[in-house]
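Whatever this is, show me its structure:
(4 chains)
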There are 2 protein chains.
Amino acid sequence: MSVKPHTTRAAETQPGGEAIVDALAQCAFVVTGALTRVGAEHDLSLTQLRVLGILRDRTLKMSELADFLGLERSTMSGLVERAERRGLLQRARNPVDSRAIDVSMTAAGLVLAEGVRKDLEHALAPVTSRLNADERRTVARLLQRMLGR
Amino acid sequence: MSVKPHTTRAAETQPGGEAIVDALAQCAFVVTGALTRVGAEHDLSLTQLRVLGILRDRTLKMSELADFLGLERSTMSGLVERAERRGLLQRARNPVDSRAIDVSMTAAGLVLAEGVRKDLEHALAPVTSRLNADERRTVARLLQRMLGR
DNA sequence: ACTCGATAGTTGGTATTACGAACCATCTCA
DNA sequence: TGAGATGGTTCGTAATACCAACTATCGAGT
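Presented below is the predicted three-dimensional model:
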């Protein structure tokens, strides 16, 4: 969390560790603000957007989804139920563990997600344009590696 | 939004523009997930956390706060009201424009925010440790510049 | 094969979050 | 001195989120 630590203690656990946490948090706030606005235009809450964003390139079980989002399983039920009723997601019983339920995107969901992605690109343009192309590539590469591929 | 664009169109508006948007979005999702979990330990919702994070180093009017968060003004009222009742924020009539209300952190709010920051640092350690110190500094520096200052 | 504890997901009840519309107060400026 | 714009709040409603309780299935161990 936080932005600029006016109360920074001199020594820190990791070298360069405190600055990146602040940068990541502030970055998350800005991107999340943009996502909230863009999502609203598509009648999607921030949380629905997070679900779509995470499921975009994978299929997850309900509980894995909850872990990813940092939410309770019970919260997922209603969340997925509404998205399913809207035709964005689909549920399927897991063939290996029949207690589990696999959640994945529908074609309609993918189309919507792509639309949001494009809008987000515009919404973030004023921010991303503060870096030149080289710097943008560097940030993208490092972030991707940090996030694991 | 999105993660890995399997449907990437070859030509894009900005060179290196599509990759950074995906990286930023995925990054926001991961950080937000961590924030949600960490916030829960302090009885703070993600939105409350966003408020604290934004106000940490500045004072904003209600409407500016709403713009920042991508939320309606009416939503802010309840949000700030609860945080104020909890002693984390304080409201003061703006001296220049007496319609407006300035919202700022209390000492207790700053303490809580610092606690969250520290917890977040731990929560993100598995992620940030995938980069070495140099790379972490580079990311921090570029992100900070991108976000203005 | 059978029981027991753990795990996966849902349901029900309650508080928070979020929107839009209606409203009051203040500001701007013609 | 209006008239319209802006800043916030309130109200009613839906979505989001938690916890506790419940059902169903899995996995060990015996």
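
For the lengthiest helix in chain A, buried residues please.
In chain A, with assignment by DSSP state H, the single longest helix is helix A:17-41. Across helix A:17-41, burial judged by 16 or more other Cβ atoms under 10 Å in any protein chain shown covers A:17-39. From N, CA and C alone the C-beta is placed, and that goes for glycine too.

Would it be right to say that A:V103 lies in a helix?
No - A:V103: not assigned to a helix; according to DSSP: H, G, I helix; E, B strand; the rest coil it is strand.

these two touch, right, A:M62 and A:V103?
Yes - between A:M62 and A:V103 there is a contact under Cβ atoms under 8 Å: 6.3 Å.

Need the residues touching each of these two.
Residues touching both A:M62 and A:V103 (Cβ atoms under 8 Å, 6 or more residues apart in numbering or on different chains): A:V80.

Which of the two has more residues huddled nearby?
Neighbour count, other Cβ atoms under 10 Å in any protein chain shown: between A:M62 and A:V103, A:V103 has more, with 22 against 19.

roughly how far apart are the more buried one and A:E64?
Per Cβ to Cβ, to the nearest Å, A:V103 is found 9 Å from A:E64.

Then A:T138?
From A:T138 to A:E64 the distance is 31 Å (Cβ to Cβ).

A:V30 now?
27 Å.

A:R136 too?
Counting by Cβ to Cβ, the gap from A:R136 to A:E64 is 31 Å.

In terms of packing, which of these two has more residues around it?
More neighbours surround A:R136 than the other of A:R136 and A:E64, with 25 against 16 (other Cβ under 10 Å).

and the more buried one, which of the three is it?
Applying three-state DSSP: A:R136 is helix.

And the pLDDT at it?
Looking at A:R136, its pLDDT reads 96.

hang on, it packs against A:A125?
No - using Cβ under 8 Å, A:R136 is not in contact with A:A125, being 11.3 Å away.

What strand or helix carries the residue nearest the centre of chain A?
In chain A, the residue lying closest to the centroid (Cα atoms, centre = their mean) is A:R50, at 4.5 Å. Assigned by DSSP states H and E, A:R50 falls within helix A:46-55.

The following helix or strand past that helix pairs with which strands?
Per DSSP H and E, the first helix or strand lying C-terminal to helix A:46-55 is strand A:60-61. Take DSSP bridges as the rule and strand A:60-61 pairs in its sheet with strand A:101-105 (antiparallel).

Surely A:E72 and A:A66 touch.
Yes - the pair A:E72 and A:A66 passes the contact test of Cβ under 8 Å, sitting 6.3 Å apart.

The lowest-mean-pLDDT helix or strand in chain A and chain B, any residue contact?
For chain A, using mean pLDDT, DSSP states H and E, the weakest element among its helices and strands is helix A:17-41, scoring a mean of 93. Yes - using Cβ under 8 Å from any Cβ of the partner chain, we find that helix A:17-41 touches chain B at A:17-38, A:40.

Please consider this matter closed, and thank you.
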